[in-house]
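Participant: Fold the following for me, if possible:
(one chain, ligands or ions: 1)
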Amino acid sequence: MARKAFVGGNWKCNGSMADIQRLTEMLNAGEYHDNVEVVVAPTMLHILPVMQALKVPVGVSAQNCYFEKSGAFTGELSTEILVDAGLKYVILGHSERRHILKETDEMIAKKTKKAIDSGLTVIFCIGELKEERETGKTEEVCFRQMEAVRAVLSEEDWKKVVVAYEPVWAIGTGLVATPEQAQETHKALRAWAAEKVSKTVAEELRIIYGGSVKGANAESLCTEDIDGFLVGGASLQPDFMNILKVTHEKK
Ligand SMILES: O=C(CO)COP(=O)(O)O
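Facilitator: The predicted model follows:
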């Protein structure tokens, strides 16, 4: 089964109302194709205006959610609130939430299960730190992060997961992983899924790459086991449209 490519634009904590208008106009002027699913993740405050402004098949994702249903959890957004507002996706496990906001594997697993049970598709991020890669721990770290969610997901749940492999040293640094480095890790992740979940899940699981992706390097990163991209900085620029075009042509 051919996996449908997936390209996400993670806008992180960026953007004014004027920027949001400019970005939705850029997306509305784009061309979209059946072989690439496109999603953008604005800030929580910008989600609704972006959903209202988009006239093209571009999905909208939250950048976080909470695992409780509702109640006294100041500052949090439940998956019920996200679904009620019309959202279909949420990014979980991003390295910035793991390392800056100190989210643990267990918290991320709880959020992932809750989001999937609510009907959301989870863009589940994993990735190793620079020193972990340098000491040969890339697979150990990625597999540990995967195992935490595997422990709480059913085989069926994996249909609602897109894994984003984002080496932390490549995020926002301009130090993109080489196609060989990324392909090697993606292949290892697929083999892990075949062994720990099932062969079917491994074949169908979309594993996308994130970390300094640009229009200029996207083509070489369209390798066998890379099913698309999670784009940070370049998703706030017209270059995002080049990444979409390359993915459409190469996948
Ligand atoms: O963190 C990322 C996407 O989630 C990647 O960010 P950059 O594309 O800015 O490196």
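
Participant: which parts of the stretch 1-150 of the chain sit against the ligand?
Facilitator: Residues of the stretch 1-150 of the chain that fall close to the ligand, judged by CB under 6 Å from any ligand atom: 10, 94. The way it works is simple: take the backbone N, C-alpha and C, and place the C-beta from them, glycine included.

Participant: need the strands for the stretch 1-150 of the chain, in chain order.
Facilitator: Using DSSP state E, counting those that start in this stretch, the strands found in the stretch 1-150 of the chain span residues 5-10, 36-41, 59-62, 89-92, 121-126.

Participant: will you turn those strands into TSV that also has mean pLDDT, mean neighbour count and distance to Val231?
Facilitator: Formatted as TSV, the strands of the stretch 1-150 of the chain follow (pLDDT from 0 to 100; neighbours: other CB atoms under 10 Å; distance: least, CB to CB, whole Å):
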stretch	mean pLDDT	mean neighbour count	distance to Val231
strand 5-10	98	25	5
strand 36-41	98	24	9
strand 59-62	98	21	12
strand 89-92	99	25	12
strand 121-126	98	26	12
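
Participant: I'd like the ones you listed as CSV, with distance to Ala234 appended.
Facilitator: Converted to CSV, the strands of the stretch 1-150 of the chain look like this (distance: least, CB to CB, whole Å):
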stretch, distance to Ala234
strand 5-10, 8
strand 36-41, 12
strand 59-62, 17
strand 89-92, 16
strand 121-126, 17
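
Participant: Centroid-wise, who is the farthest residue in this protein?
Facilitator: The outermost residue of the chain relative to its centre, with distances by CA atoms, centre = their mean, is Ala72 at 28.5 Å.

Participant: Nearest residue to Leu54 in space, please, no chain neighbours.
Facilitator: Distances taken as CB to CB, 6 or more residues apart in numbering place Thr24 nearest to Leu54, at 5.8 Å, with adjacent residues excluded.

Participant: which residues sit in contact with that neighbour?
Facilitator: With contacts defined as CB atoms under 8 Å, 6 or more residues apart in numbering, Thr24 is in contact with 49-50, 53-54.

Participant: Can you verify my assumption that Ile116 contacts Ile123?
Facilitator: No: using CB atoms under 8 Å, Ile116 is not in contact with Ile123; the gap is 11.8 Å.

Participant: okay, now the residue in the chain that the ligand sits nearest to: neighbour count?
Facilitator: Of all residues in the chain, the one sitting closest to the ligand is Gly232 (2.2 Å; CB to the nearest ligand atom). Gly232 has 23 neighbouring residues, counting by other CB atoms under 10 Å.

Participant: Next: the one 3 residues further on.
Facilitator: The burial metric for Ser235, expressed as a neighbour count using other CB under 10 Å, is 23.

Participant: list the contacts for it?
Facilitator: By CB under 8 Å, 6+ apart, the contact list for Ser235 reads 8-11, 40.

Participant: Format those residues as CSV; extra columns: distance to Glu128.
Facilitator: Listed next are these as CSV, based on distance: CB to CB, whole Å:
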residue, distance to Glu128
Gly8, 20
Gly9, 23
Asn10, 18
Trp11, 24
Val40, 26
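
Participant: Of all pairs in those residues, which one spans the longest distance?
Facilitator: Gly8 and Trp11 (10.0 Å; CB to CB).

Participant: which residues are common contacts for these two?
Facilitator: Here Gly8 and Trp11 share the contacting residues 40-41, 235, scored by CB under 8 Å, 6+ apart.

Participant: now, which of the residues you listed sits nearest Pro167?
Facilitator: Relative to Pro167, the closest of the shared contacts of Gly8 and Trp11 is Ser235; by CB to CB it sits at 17.8 Å.

Participant: Is that closest one located within a helix, as I assumed?
Facilitator: Yes: the assignment for Ser235 (DSSP: H, G, I helix; E, B strand; the rest coil) places it in a helix.

Participant: Look at it and report its pLDDT.
Facilitator: pLDDT, Ser235: 98.

Participant: any idea how far Leu244 is from it?
Facilitator: Taking CB to CB, to the nearest Å as the measure, Ser235 and Leu244 are separated by 10 Å.

Participant: Okay then, goodbye and thanks.
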